[in-house]
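Q: Predicted model and sequence below, questions to follow.
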Amino acid sequence: MEQTHVFNLISDYVLGLLPVAERRLVERHAADCTACRQQLVAERELSQRVRHTLAALPTPSPARLARRQPPPSPARVPLFFQAGWYKAWVTVGVLLAIFAGTLYLRPNTAANAPVWADPAPYALATATEQPTATTTVTATATQVAGSAEIPSATPTAAATPIAALPAPPGSQ
Amino acid sequence: MTWPPAEMPAAAIAGMPAAEASRHTAILISRCLAGEESAYAALYNLYAGEIYRLCYSLLQHREDAEEVLQDAFEYAFRRLETYQPRKSAFKTWLYRIAISRCRNKRRRKWLPTFSLQQLAGDDISDHTVPDPSEQAALTEQQRQVWQALKQLSPKLRETAVLRYYEGLAYAEIGEILDISPKTVESRMRLAHQALREMLAADPHNL
Ligand SMILES: [Zn+2]
């Protein structure tokens, strides 16, 4: 018979946490030692009680389970509406909205004249100072889509209200 | 003729050797991905009972477990093509999905319940009325164990359920819970010790 008790190894033994050598040690010792064997039995019973309780839990009837079955053919989400793309398009939208805002506000502050009264001077100014609206919109969209390359038109536009735009992702 | 037949009962599959069951699952998945509707039903029938039991053991609430079951399969079906058989067993993948949904469910439920119960001055742990079917299915001794499991922290309960009931290896539990096997082991020791103390303190016990 082994001299020292193995109480502190018993729950690890039952939980399957012991390496082979220690497992053998517990088994050899418990074969001869009543106290350790009793504890081993008690610990094992505890594990079995939990297992049997979980196994005894009622399961819903097949009909009830069947009612929880999701539709068999999942509706495919179009690529543009999936999480990553969705965010990119929202960003593009927000940037376009800000851009449209600056487009309208600029002559108002610079020339101190309502834009709806006489849009012509602004149209002339943009034609000389910065790329056309279409070019800028394309540039913004390209940057949002993840391109690290900043279009050459952007530095020219830096002096214009475009500079007030938040830096697009990927440009820093 | 396609094999396995879609109407194959889950009970027949539960008795299959592991290798055959996993081959069966792989065939069903490929049939699902080929757009065969009956294969989805077969895949669901194969795993729904198991996933429900897992969710019920973790949430200890029948309706919640059924909702999570549906939600988990809805997600699994939608993302079926992202499942990588080389990385994990299908069951492991499903368990991960179900457990993360159980956690969300608990979080969402806990916040409003907590504040309302606090205002009413009630004890939160006692607010769940025992399910009649649960009462009928369990013996007095098993009800004590069920109550003791309820007292465990969610983290310890997850580990305890996967180990005691599912009998999974510590490495596999770690994979499912996204923690190291060493953490699983220490949680299991804590869970076992807590259950032992709770059930030993019970006057009806042994
Ligand atoms: Zn001893």
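A: Arrived safely, thanks for sending. Numbers count the residues shown, from 1 in each chain, chains lettered A, B, ... in the order given.

Q: low-scoring stretches of the chain, by residue?
A: Just so you know, I chose chain A. A:1-3, A:73-90, A:104-172 (pLDDT under 70).

Q: other chain: chain B
A: B:1-15, B:110-131, B:201-206.

Q: what about residue B:157, how many residues close to it?
A: By other C-beta atoms under 10 Å in any protein chain shown, 21 other residues sit near residue B:157. Heads up, the C-betas are built off the backbone N, CA and C, glycines and all.

Q: Secondary structure element for it, which one?
A: When elements are assigned from DSSP states H and E, residue B:157 belongs to helix B:154-160.

Q: what packs against that helix?
A: helix B:37-59, helix B:90-120, helix B:170-177, helix B:181-200 (3 or more C-beta pairs under 8 Å, 6 or more residues apart in numbering or on different chains; DSSP states H and E).

Q: Please work out which of the ones you listed is packed deepest.
A: Among those, ranked by average contacts under mean count of other C-beta atoms under 10 Å in any protein chain shown, first place goes to helix B:37-59 (a mean of 22).

Q: Would you mind giving the domain segments of chain B?
A: B:1-110, B:132-201 (automatic domain parsing).

Q: who wins for proximity to the ion among the ones you listed?
A: Nearest to the ion, of all those, is domain B:132-201, at 18.3 Å by C-beta to the ion.

Q: How far off centre is the closest one?
A: Remark: domain B:132-201 is offset 12 Å from the chain centroid, using C-alpha atoms, centre = their mean, to the nearest Å.

Q: so which of the helices and strands packed on helix B:154-160 gets nearest chain A?
A: For chain A, the closest of the helices and strands packed on helix B:154-160 is helix B:37-59, at 3.6 Å, according to C-beta to the nearest C-beta.

Q: picking that back up, can you redo the domains of chain B as a markdown table with distance to the ion?
A: Compiled in a markdown table, the domains of chain B are given as follows (distance: least, C-beta to the ion, whole Å):
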| stretch | distance to the ion |
| --- | --- |
| domain B:1-110 | 35 |
| domain B:132-201 | 18 |
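
Q: Dump the ones you listed into a markdown table; add distance to residue A:16 as well.
A: Below are these laid out as a markdown table (distance: least, C-beta to C-beta, whole Å):
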| stretch | distance to residue A:16 |
| --- | --- |
| domain B:1-110 | 19 |
| domain B:132-201 | 8 |
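
Q: Select, out of those, the one closest to residue A:53.
A: Closest to residue A:53 of these, according to C-beta to C-beta: domain B:132-201, at 4.1 Å.

Q: and residue A:48, which of the helices and strands packed on helix B:154-160 is closest to it?
A: Among the helices and strands packed on helix B:154-160, the nearest to residue A:48 by C-beta to C-beta is helix B:181-200 (12.0 Å).

Q: Can that closest one be said to contact chain A?
A: Yes - residues of helix B:181-200 contacting chain A under C-beta under 8 Å from any C-beta of the partner chain: B:185, B:188-189, B:192-193, B:195-196, B:199.
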